[in-house]
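Q: just coords:
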């Protein structure tokens, strides 16, 4: 356990040194946040009365998406791990006395948390004091907020579980481009990053409920705004736990299979 | 300490002839060739030995190291190292070995060397006291003091290699596998690395298995050579034994006053002649060196003479030739 904590810490430290990337991220996220919100405002002003989510909730949803982007985006990738597999440097990871799955999982967690910290710390105060329609609202109750935090963390575990599958696929494909692109495009859509899940047609929402992606982004953000009430949220957390278990078990099994047939690239 | 019995390992390699037509064909039917990286390799190594593992490129050296360090699973054969089968109880086994891959890096590129070391300390669960004393010993003998705080990307290759070796030894392994540890190093760093390996072996009794293409590494370090070619073990013995097999021949290089024609010396073979320099080869088993030299002085005006035994490099090439690899 100490090894995993240690690699997590080192990766976190490493991620925290990219200040310029953080500034660029802040500007990008504010820009996209405003654009999306303006689009939704125009959309609601022109008679989307039947929508199942109201505008302030949707604005909150949009800001949370932007602020925690690093935690939830699937195309965020650690080239170091791809490099390890493709160049054969994985040889070193294999002669360490700990499981590779946990080791990489901890690394990815650290990296994402560092990236997210660099964004939400400066972004939160900004979006909390914006003028009215654009402002990020507060959660309706302490319970909602606590559940939101829990759901966000579990969502992160799901995202890392899914991205581990992308990394493992490189053992077969030897190129990260295809798997990242496929999972990222499909996953972002199903996570409600393109169209918020509450605005999707009913049949699509049903389909999305059976995939893991929605539980990473859509679910925690709606818990925050109270759009998903506390009781329903608690049940959702249980579903998240189930997905974490499934993804980790499947990933670990797949990795052990991959390693048994490993060829160390490049002599 | 290390026992290999009949280890074989083969890889499936996709094969394709060049050209667009072939590329299209390969889309539908792919041809594979089986490359036998190791064929029925057996040997045993005792505690405290330094063994040089040599062979041409692609002979199977690195594959053997990877099998012995638990990274690759062989197709056949058994391997017992300190009571473990490396690939079966990998995580338990790797605690007691250290591995250096000269062409790869285990240090974190963007952080100071010491951060990588601290991480390894946690990964191997090294006790604080052991870590301190090992680190102090390595820092001193490998002269790491000035570079421990420097990010790895700013180190020279020689500095980095010394750190890599230190990183592999922090947990005090009993066996050290070195896969081309001196590749690309300058003379000073090479000597430093060699001296360190020797000290480690003598003082801590660490068993060392090293692969290299630099025969002076082998000469300086290894009492015993294992030679592998095309996946088969071809030679297992000491350098001295190898010398006595090929070593009766001596090369004489003579600088002399300009002469009209090449000297003719019975019992010696002329290798080259340039007017002012003559190179001869003499088999000392059949001809006495003194006779050859006295015949030589009768014909030309000597300025300088040097006599060399055949370098290990050439013996190795000859061994390769003998086995047609």
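A: Perfect, I can see it now. Here the structure is a predicted model, which is why all the values come from computation and not from measurement.

Q: Are we agreed that residue A:13 is in a strand?
A: No. If the criterion is DSSP: H, G, I helix; E, B strand; the rest coil, then residue A:13 is helix and not within a strand.

Q: The residue of the stretch 1-150 of chain B found nearest chain A: what's its closest spatial neighbour, skipping adjacent residues?
A: In the stretch 1-150 of chain B, the residue found nearest to chain A is residue B:122; the distance is 3.6 Å by C-beta to the nearest C-beta. To be clear about C-beta, it is placed using only N, CA and C from the backbone, and glycine gets the same treatment. The spatial neighbour of residue B:122 that comes closest, neighbours along the chain excluded (C-beta to C-beta, 6 or more residues apart in numbering or on different chains), is residue A:6 at 3.6 Å.

Q: Residue B:190 now?
A: residue B:182 (4.8 Å).

Q: In the chain, what residue spans correspond to helices?
A: Picked chain A for this. Applying DSSP state H to chain A gives helices spanning A:2-15, A:19-45, A:55-67, A:69-72, A:79-87, A:90-94, A:100-128, A:142-173, A:176-190, A:202-209, A:218-225, A:230-260.

Q: not what I meant, chain B
A: Taking DSSP H, the helices of chain B run over residues B:20-28, B:61-68, B:90-93, B:113-123, B:128-141, B:157-169, B:187-204, B:215-221, B:239-246, B:289-299, B:312-322.

Q: picking that back up, so for residue B:43, which of the helices of chain A sits nearest?
A: helix A:90-94 (21.9 Å; C-beta to C-beta).

Q: So what touches that closest one?
A: Helix A:90-94 is contacted by residues A:84, A:100, A:103, A:259, A:262, A:264, B:66, B:69-71, B:90, B:99, B:101, B:104-106 when judged by C-beta atoms under 8 Å, 6 or more residues apart in numbering or on different chains.

Q: Generate a ChimeraX selection restricted to the buried entries among those residues.
A: Under the burial definition 16 or more other C-beta atoms under 10 Å in any protein chain shown, those of the contacts of helix A:90-94 that qualify are selected in ChimeraX by:
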select /A:84,100,103,259,262,264 /B:66,69,70,71,90,99,101,104,105,106
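
Q: I'd like to know how many residues surround the residue in the stretch 201-325 of chain B positioned nearest to chain A.
A: The nearest approach of the stretch 201-325 of chain B to chain A comes at residue B:211, 11.0 Å away (C-beta to the nearest C-beta). Residue B:211 has 26 neighbouring residues, counting by other C-beta atoms under 10 Å in any protein chain shown.

Q: Distance check, it against residue B:320.
A: Per C-beta to C-beta, to the nearest Å, residue B:211 is found 15 Å from residue B:320.

Q: try residue B:208
A: From residue B:208 to residue B:320 the distance is 24 Å (C-beta to C-beta).

Q: Also residue A:170?
A: 37 Å.

Q: Next, the contact list for the residue nearest to residue B:190, please.
A: B:102, B:161, B:189, B:190, B:193, B:194, B:212, B:214, B:217.

Q: Next one, pLDDT for the fifth one please.
A: Model confidence at residue B:193, given as pLDDT, is 86.

Q: Quick check: it touching residue B:161?
A: Yes. In this structure residue B:193 lies within contact range of residue B:161 using C-beta atoms under 8 Å: 6.8 Å.

Q: nearest residue to residue A:234 other than its sequence neighbours?
A: residue A:147 (6.7 Å).

Q: What about the one you found, how many residues nearby?
A: 25.

Q: ok, it - contacts?
A: Residue A:147 neighbours (C-beta under 8 Å, 6+ apart): A:223, A:230, A:233, A:234, A:237.

Q: where does it land on pLDDT?
A: pLDDT, residue A:147: 93.

Q: tell me which parts of chain A are close to chain B?
A: A:2-3, A:5-7, A:10, A:13-14, A:17, A:87-89, A:91-92, A:94-99, A:260, A:262-264, A:266-267 (C-beta under 8 Å from any C-beta of the partner chain).

Q: just to revisit the earlier point, have a look at residue B:208 and residue B:320 and say which one is more surrounded.
A: Ranked by neighbour count (other C-beta under 10 Å), residue B:208 and residue B:320 place residue B:208 first, with 22 against 17.

Q: ok, for that one, nearest residue in space, not its chain neighbours?
A: Leaving out its chain neighbours, the residue that sits closest to residue B:208 by C-beta to C-beta, 6+ apart is residue B:50, at 4.5 Å.

Q: Quick one: residues contacting the one you found.
A: B:197, B:198, B:201, B:207, B:208, B:209, B:210, B:221, B:222, B:223, B:224.

Q: Could you pick out the buried ones from the residues of chain A next to chain B?
A: Here, 16+ other C-beta under 10 Å leaves A:3, A:6-7, A:10, A:14, A:88-89, A:91-92, A:94-99, A:262, A:264 buried among the residues of chain A next to chain B.

Q: burial measure for residue 4, as a count.
A: Just so you know, I chose chain A. 20.

Q: meant chain B actually
A: So residue B:4, with other C-beta under 10 Å, has 21 neighbours.

Q: Touching, it and residue B:68? I think so.
A: Yes. At 7.5 Å, residue B:4 counts as touching residue B:68 under the criterion of C-beta under 8 Å.

Q: quick revisit: Serialize the contacts of residue B:182 to JSON lines and add fields for neighbour count and distance to residue A:52.
A: Output for these, formatted as JSON lines (neighbours: other C-beta atoms under 10 Å in any protein chain shown; distance: C-beta to C-beta, whole Å):
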{"residue": "B:102", "neighbour count": "21", "distance to residue A:52": "62"}
{"residue": "B:161", "neighbour count": "24", "distance to residue A:52": "63"}
{"residue": "B:189", "neighbour count": "18", "distance to residue A:52": "69"}
{"residue": "B:190", "neighbour count": "20", "distance to residue A:52": "72"}
{"residue": "B:193", "neighbour count": "23", "distance to residue A:52": "69"}
{"residue": "B:194", "neighbour count": "19", "distance to residue A:52": "74"}
{"residue": "B:212", "neighbour count": "21", "distance to residue A:52": "70"}
{"residue": "B:214", "neighbour count": "17", "distance to residue A:52": "72"}
{"residue": "B:217", "neighbour count": "22", "distance to residue A:52": "73"}
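
Q: could those be laid out in CSV, adding distance to residue A:127?
A: Output for those, formatted as CSV (distance: C-beta to C-beta, whole Å):
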residue, distance to residue A:127
B:102, 51
B:161, 50
B:189, 54
B:190, 59
B:193, 56
B:194, 61
B:212, 60
B:214, 61
B:217, 62
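
Q: Out of these, which comes closest to residue B:39?
A: For the contacts of residue B:182, the nearest to residue B:39 is residue B:212 (22.3 Å; C-beta to C-beta).
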